[in-house]
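coordinates for the following, if possible.
(one chain, ligands or ions: 1)
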Amino acid sequence: MQLQNKKAIVTGASSGLGAALATALVQKGASVWGLARNEKRLIDLQQQLGNAFIPVCLDITDANAVTKWVQHTFNDNPAPDILINNAGIGAFGKIDTMSAAEWLGILQTNLIGMYHITSQLVPYMKAAQHAAHILNIGSIMGTVAKEEATAYCTSKFGVRGFSESLFKELRNHHIKVTCVNPGSIETPFFQHTGIETHAHMLQPAEVAELIIHLLETPDNLLVDEVTLRPLIPTKPQ
Ligand SMILES: NC(=O)c1ccc[n+]([C@@H]2O[C@H](COP(=O)([O-])OP(=O)(O)OC[C@H]3O[C@@H](n4cnc5c(N)ncnc54)[C@H](OP(=O)(O)O)[C@@H]3O)[C@@H](O)[C@H]2O)c1
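Model (predicted):
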C-alpha cells in the first residue's frame, strides 16, 4: 500500500511506539487519528506533527465511547485504510499479590479494547472494498511466557490468536491482518514496573520503520506475524 493520502487510526498514540508510528505515518503523507486518554499529550503531538494528526481523546476499554466515535467519524466519511492496535499497558507480579482490578485491567485494555475498536471498524473497511491493513501490536511475551506476568502474557498470547483468526476471516475482503511481537522497546511502558530501560532496547522509531515497511508491502503479500528483538539485549556498560 502506498501511504500518501491514506487514512490511519493509531491507538495509544500519546506515547512511546504509538507516537513514533503516528510520526512515521504523517511523514509518509498519511493522516492519522491518534487515540489515547491523555488529551494534553495528544495535543502536544499535534503541535509537532500538524493537522495531519488528529487527536482523539478516547478510552478503548469504553465500548460505548468507541462505538460512538467510530459511527460519528465514519458514517459519512470514507473508511480508514489502516488500523494500528497499539494501545497497551503492562504490570507484573505474582498472581496472589496482584489485585484483580489490575489483572483484569490489562486484559480489558490489551485484548478487549482491541476487540471493541476492531469489531466496530471492520464493517466500514469491508464495505469500502479496497485494500486495508489492521496491524496488532503483540509482544514477545505473547510467544514465550515469563514468570510473574500472567495477565500480560495472557493478553498478548490472546492478541496472537485474535490476529491469526482475523487474518483468515478478512483475507477475502482484501484486508490484511498482521501481528507484530516486539521484544523490549525503550518507552515509558516500564515507568511503573521497576524495570530499568536502556539504549540497547529496541527504539520506537526503529520499530515504527519496520511497521511502515509492512504497511507498504504489495497488496497481495501478507506478513501475518513478525517477531522483533534487540540483537544485544543487555544494558550497555
Ligand atoms: N515497551 C516495550 O518493551 C514493549 C514490548 C512489546 C510490546 N509492547 C507493546 O507496545 C504497545 C505500545 O506500548 P509502549 O511501549 O509504547 O508503551 P507506552 O509508552 O506506555 O504507551 C502506551 C499507550 O497506550 C495508551 N493507552 C493505554 N491504555 C489505554 C486505553 N484504555 N485507551 C486508549 N489508550 C490507552 C497510552 O495512552 P494514555 O495513557 O494517554 O491513554 C499510551 O499512548 C503496547 O501494546 C505494549 O504492550 C511494548
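
pull the contacting residues for the most centrally placed residue in the chain.
In the chain, the C-alpha nearest the mean C-alpha coordinate belongs to Asn86, at 1.4 Å (Cα atoms, centre = their mean). Going by Cβ atoms under 8 Å, 6 or more residues apart in numbering, Asn86 touches Val10, Thr11, Gly12, Ala13, Leu17, Gly18, Leu21, Ile137. All C-beta spots, glycine's among them, are computed from the backbone N, C-alpha and C.

check Ile112 too.
For Ile112, the contacting residues are Thr61, by Cβ under 8 Å, 6+ apart.

what does the pLDDT read for it?
Per-residue confidence (pLDDT) for Ile112: 98.

quick revisit: from the ligand, how far off is the residue nearest to the centre of the chain?
For Asn86, the distance to the ligand equals 5 Å [Cβ to the nearest ligand atom, to the nearest Å].

mind checking the longest helix of the protein?
helix 150-170 (DSSP state H).

in CSV, list the C-alpha atoms belonging to it.
Provided in CSV are the C-alpha atoms of helix 150-170 (Å, rounded to 0.1, in the frame of the first residue of the first chain):
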residue,chain,number,x,y,z
THR,A,150,0.2,-14.0,33.9
ALA,A,151,-2.0,-11.1,32.9
TYR,A,152,0.3,-9.5,30.3
CYS,A,153,1.2,-12.9,28.8
THR,A,154,-2.5,-13.9,28.7
SER,A,155,-3.4,-10.7,26.9
LYS,A,156,-0.5,-10.9,24.4
PHE,A,157,-1.0,-14.7,23.6
GLY,A,158,-4.6,-13.6,23.1
VAL,A,159,-3.6,-10.9,20.7
ARG,A,160,-1.8,-13.5,18.5
GLY,A,161,-4.8,-15.8,18.4
PHE,A,162,-7.1,-12.9,17.7
SER,A,163,-4.8,-11.8,14.9
GLU,A,164,-4.5,-15.2,13.2
SER,A,165,-8.2,-15.8,13.3
LEU,A,166,-9.0,-12.4,12.0
PHE,A,167,-6.5,-12.7,9.1
LYS,A,168,-8.2,-15.8,8.0
GLU,A,169,-11.6,-14.2,8.3
LEU,A,170,-10.7,-11.0,6.5
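
I'm done for today, thanks for sticking with me.
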